[in-house]
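**Student:** make a model of this:
(one chain, ligands or ions: 2)
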Amino acid sequence: MRPLRVCLAASEVSPFAKTGGLADVVAGLGRFLGRAGHEVRIFVPLYQRVAKSDVETTPLEGAQAIDVKFPGRTIRCSIRTAPLPNSDVLVHFVDCPELYHREGLYTDDGDESLRFAMLCRAVLDTCQRLSWSPDVVHCNDWHTSLIPLYLRTTYHWDRLFSNTKTLLTIHNIGYQGVFPDSQLAAIGLDDQRAHLHHGDLRDKRFAFLKTGVLHANKLSTVSVTYAREIQTSEFGMGMEELLQTRSSDLVGIVNGVDYGDWDPATDPLIPHHYSADDPSGKAKMKAALLQRMDLPHNPRAPVFGVVSRLTSQKGFELFADSIPVFLQREDMRLCVLGSGESKHESYFQWLRDTWPQKVGLYRGFHNELAHWIEAGSDVFLMPSRFEPCGLNQMYSLRYGTPPIVRRTGGLADTVQAWDPTTREGTGFLFDEFSSQALAGTIDWCLRNWRDRQGWQQLVKNGMQRDFSWDRQGAEYVALYRDLCGL
Ligand code: ADP
Ligand code: GLC
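**Tutor:** Ligands and ions are numbered 1, 2, ... in the order given. Presented below is the predicted three-dimensional model:
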């Protein structure tokens with residue numbers, strides 16, 4: 001079987017541009033595909049923070065000064081590249097300062113739709129410039145969801161793409177890229193209204209993600225359970241009916257973990273290393289974490305860790321009626337790293353101010369601290385309202401930090417309930433989205449914490465689980481081949 005040409009388009013890729021798990025998945029899958037001998041090009045915007053960082057990028061020959069034509073306006077971009085660390089894969093950065101030199105990756109600016117329509121167009125225009133004919137364009141989330149429609153319309157004439165198939169992976173249906181239909185003209189789709197979702201157009205809007213779901217050849221999402229959930233009104237966020245109509249083209253593939261980045265035996269970001277066979281370094285990491293977060297150390301007091309975007313998806317409102325009881329009653333620590341909605345940030349600040357000897361908080365994004373918390377905590381908290389896949393719980397398993405999770409999406413697919421009788425299982429799960437259910441599970445976890453031998457087995461079970469890309473990536477390759485008949 002010949003190697004595939006895969007064009008991986010996304011708004012994030014680690015370590016260059018990251019706000020959440022999407023970045024890790026694009027990098028992990030890209031690396032896997034490269035290792036497996038496929039020809040991969042990863043496309044992301046050259047954001048200001050990358051352009052101004054010490055990341056060295058070089059101009060990609062043959063892909064300079066590309067004029068992308070929109071109605072009444074031409075936008076020029078060039079491609080710069082840098083190797084994806086620990087691989088031969090090249091990341092292609094779309095250099096277009098007028099669109100991407102903004103403070104964050106995402107904005108509320110009036111041209112947000114154009115910023116990502118441009119990404120979609122730049123990917124395809126670059127393929128043309130390079131005469132590179134991808135077998136698959138793998139789109140990820142709403143930002144790259146217009147590619148399938150552009151291929152069917154604007155680029156339909158070009159035989160370069162006549163055998164190109166598209167896969168759209170939904171990482172999070174909570175973000176759909178919805179804009180007023182008055183913006184269609186600027187992105188060159190005003191005369192393609194017949195191809196857009198009619199209900200949305202009636203409401204004078206359009207959505208990138210829905211357009212992708214309508215036109216991609218295949219759809220996937222990042223866990224088997226979430227693939228089922230998003231076809232229901234509880235989780236579909238208004239897209240359930242559309243997804244039901246494409247049910248036979250929708251598959252769930254659980255994300256892989258890049259153990260090159262996330263393994264306590266080799267992680268360069270932590271000072272003490274350990275493994276399932278020799279876990280002794282974990283106690284040192286616990287002491288180091290507590291010192292770093294300015295909290296008193298007691299080996300017997302469990303440390304609960306949180307590393308998260310602080311949005312309603314992640315379920316932290318369940319803390320209000322549960323966590324204070326435990327902080328009051330138990331000798332425990334809580335180490336939180338997160339940023340997002342101010343109500344959640346203020347709540348964690350209040351916990352920190354109220355129990356300064358028990359709660360540590362870092363508000364913001366801090367990759368190294370994320371690794372320390374995974375390694376130095378005893379329990380990882382992830383009570384998500386919904387979770388397409390979730391990477392943190394898988395990282396925490398490998399770092400010997402059993403997770404407490406709600407049984408939803410990828411959390412249900414990757415964490416197995418601990419059973420002290422059979423000594424099987426890797427973490428603690430609850431079903432109902434309520435503070436009582438969470439509190440009951442924390443209580444259950446604490447009872448198991450006191451059984452030191454049982455706990456050691458629980459930790460070991462989790463550390464031995466394998467979610468590596470070698471397994472998960474092979475599922476994508478099978479899907480690509482099926483799609484292309486190759
Ligand atoms: P999501 O993509 O919904 O945010 P995931 O669990 O899939 O959830 O992935 C989150 C990723 O983002 C993990 O790699 C996690 O370590 C990282 N992360 C989240 N918040 C922060 C933060 N404040 N600082 C550093 N890393 C973070
Ligand atoms: C999304 C989801 C998360 C998933 C990640 C990568 O941001 O919220 O569950 O792990 O994408 O697929």
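
**Student:** which parts of the stretch 1-150 of the chain sit against ligand 1?
**Tutor:** For the stretch 1-150 of the chain, the residues in contact with ligand 1 (C-beta under 6 Å from any ligand atom) are 20-22, 24. In this view, the C-beta of every residue, glycine as well, is placed from N, C-alpha and C.

**Student:** of these, closest to Arg202?
**Tutor:** Ranked by distance to Arg202 (C-beta to C-beta), these are led by Leu22 at 30.9 Å.

**Student:** what about that closest one, how many residues nearby?
**Tutor:** The number of residues packed near Leu22 is 26, by other C-beta atoms under 10 Å.

**Student:** wait, it touches Ile170, no?
**Tutor:** No. Contact between Leu22 and Ile170 fails when scored by C-beta atoms under 8 Å: they sit 10.8 Å apart.

**Student:** so what sits against both of these two?
**Tutor:** Jointly contacting Leu22 and Ile170 under the rule C-beta atoms under 8 Å, 6 or more residues apart in numbering are Asp141.

**Student:** domain ranges for this protein, per the record?
**Tutor:** With automatic domain parsing as the criterion, the domains of the chain are listed as 5-256+470-484, 280-466.

**Student:** need those in TSV with mean pLDDT, can you?
**Tutor:** Conversion of the domains of the chain to TSV gives the following (pLDDT from 0 to 100):
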stretch	mean pLDDT
domain 5-256+470-484	97
domain 280-466	98
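
**Student:** reformat the ones you listed as TSV; add distance to Asp267.
**Tutor:** Converted to TSV, the domains of the chain look like this (distance: least, C-beta to C-beta, whole Å):
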stretch	distance to Asp267
domain 5-256+470-484	13
domain 280-466	6
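
**Student:** I'd like those as JSON lines, with distance to ligand 2 appended.
**Tutor:** As requested, those are exported to JSON lines (distance: least, C-beta to the nearest ligand atom, whole Å):
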{"stretch": "domain 5-256+470-484", "distance to ligand 2": "3"}
{"stretch": "domain 280-466", "distance to ligand 2": "4"}
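
**Student:** and of those domains, who's closest to Asp263?
**Tutor:** Among the domains of the chain, domain 280-466 sits nearest to Asp263 (C-beta to C-beta), with 6.2 Å.

**Student:** how about the closest one against ligand 1, any contact?
**Tutor:** Yes. Shown here: domain 280-466 in contact with ligand 1 (C-beta under 6 Å from any ligand atom) through 307-309, 337-339, 365-367, 370, 389-392.

**Student:** and that domain, how far apart are its ends?
**Tutor:** End-to-end distance of domain 280-466 (C-alpha to C-alpha, to the nearest Å): 21 Å.

**Student:** with stretch 405-414 instead?
**Tutor:** 10 Å.

**Student:** in the chain, what residue is nearest ligand 1?
**Tutor:** Closest residue of the chain to ligand 1, C-beta to the nearest ligand atom: Gly21 (2.2 Å).

**Student:** note down every partner strand of the lengthiest strand in the chain and its orientation.
**Tutor:** Longest strand in the chain, counting residues (DSSP state E): strand 73-83. Strand 73-83 has its sheet partners listed here by DSSP bridges as strand 58-59 (antiparallel), strand 66-70 (antiparallel), strand 90-95 (antiparallel).

**Student:** export the ones you listed as a markdown table, with columns for distance to Cys127 and mean neighbour count.
**Tutor:** What follows is the strands paired with strand 73-83, written out as a markdown table (distance: least, C-beta to C-beta, whole Å; neighbours: other C-beta atoms under 10 Å):
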| stretch | distance to Cys127 | mean neighbour count |
| --- | --- | --- |
| strand 58-59 | 17 | 12 |
| strand 66-70 | 11 | 16 |
| strand 90-95 | 10 | 24 |
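
**Student:** rewinding a little: got the buried residues for the longest strand of the chain?
**Tutor:** Judged by neighbour count using 16 or more other C-beta atoms under 10 Å, the buried positions of strand 73-83 are 75, 77-82.

**Student:** any chance of the residues you listed in a markdown table, with distance to His344 too?
**Tutor:** Converted to a markdown table, those look like this (distance: C-beta to C-beta, whole Å):
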| residue | distance to His344 |
| --- | --- |
| Ile75 | 37 |
| Cys77 | 36 |
| Ser78 | 39 |
| Ile79 | 38 |
| Arg80 | 36 |
| Thr81 | 38 |
| Ala82 | 34 |
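
**Student:** who are the neighbours in contact with His38?
**Tutor:** Contacts of His38 (C-beta under 8 Å, 6+ apart): 3-6, 477.

**Student:** confirm for me that Asp258 is in contact with Trp469.
**Tutor:** Yes. Between Asp258 and Trp469 there is a contact at 6.3 Å, judged by C-beta under 8 Å.

**Student:** joint contacts of those two?
**Tutor:** In contact with both Asp258 and Trp469: 28, 31, using C-beta under 8 Å, 6+ apart.

**Student:** buried residues, the strand or helix carrying Gly462. List them.
**Tutor:** Following DSSP states H and E, one finds Gly462 within helix 452-464. By 16+ other C-beta under 10 Å, the buried positions in helix 452-464 come out as 454-455, 458-459, 461-463.

**Student:** can you check stretch 232-239 too?
**Tutor:** For stretch 232-239, by 16+ other C-beta under 10 Å, it's 235-236, 239.

**Student:** which residues sit against it?
**Tutor:** Residues outside stretch 232-239 that contact it (C-beta under 8 Å, 6+ apart): 173-174, 176, 209-210, 213, 226, 229-230, 240, 243, 386.

**Student:** chain center to it: distance?
**Tutor:** Distance, stretch centre to chain centre, for stretch 232-239: 20 Å (C-alpha atoms, centre = their mean, to the nearest Å).

**Student:** go on, stretch 255-274?
**Tutor:** Per C-alpha atoms, centre = their mean, the centroid offset for stretch 255-274 relative to its chain is 18 Å.

**Student:** what's the first-to-last distance across it?
**Tutor:** Here the two ends of stretch 255-274 are set 24 Å apart, with distance taken as C-alpha to C-alpha.

**Student:** buried sites along it?
**Tutor:** Neighbour counts over stretch 255-274 (16+ other C-beta under 10 Å) mark 255-264, 267, 270, 272-274 as buried.

**Student:** now stretch 109-121
**Tutor:** Applying a neighbour-count criterion of 16+ other C-beta under 10 Å, the buried positions in stretch 109-121 are 111-121.

**Student:** alpha carbons of the helix of greatest length in the chain, as CSV, please.
**Tutor:** Determined from DSSP state H, the single longest helix within the chain is helix 112-130. What follows is helix 112-130, C-alpha atoms only, in CSV (Å, rounded to 0.1, in the frame of the first residue of the first chain):
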residue,chain,number,x,y,z
GLU,A,112,-13.1,36.5,12.8
SER,A,113,-15.0,34.6,10.0
LEU,A,114,-12.5,36.0,7.4
ARG,A,115,-9.5,35.0,9.5
PHE,A,116,-10.5,31.4,9.4
ALA,A,117,-12.0,31.4,5.9
MET,A,118,-8.6,32.7,4.8
LEU,A,119,-6.9,29.8,6.6
CYS,A,120,-9.1,27.4,4.6
ARG,A,121,-8.4,29.2,1.3
ALA,A,122,-4.7,29.5,2.0
VAL,A,123,-4.4,25.8,2.6
LEU,A,124,-5.9,25.0,-0.8
ASP,A,125,-4.1,27.8,-2.7
THR,A,126,-0.8,26.6,-1.2
CYS,A,127,-1.5,23.0,-2.5
GLN,A,128,-2.1,24.5,-5.9
ARG,A,129,1.1,26.5,-5.8
LEU,A,130,3.1,23.4,-4.8
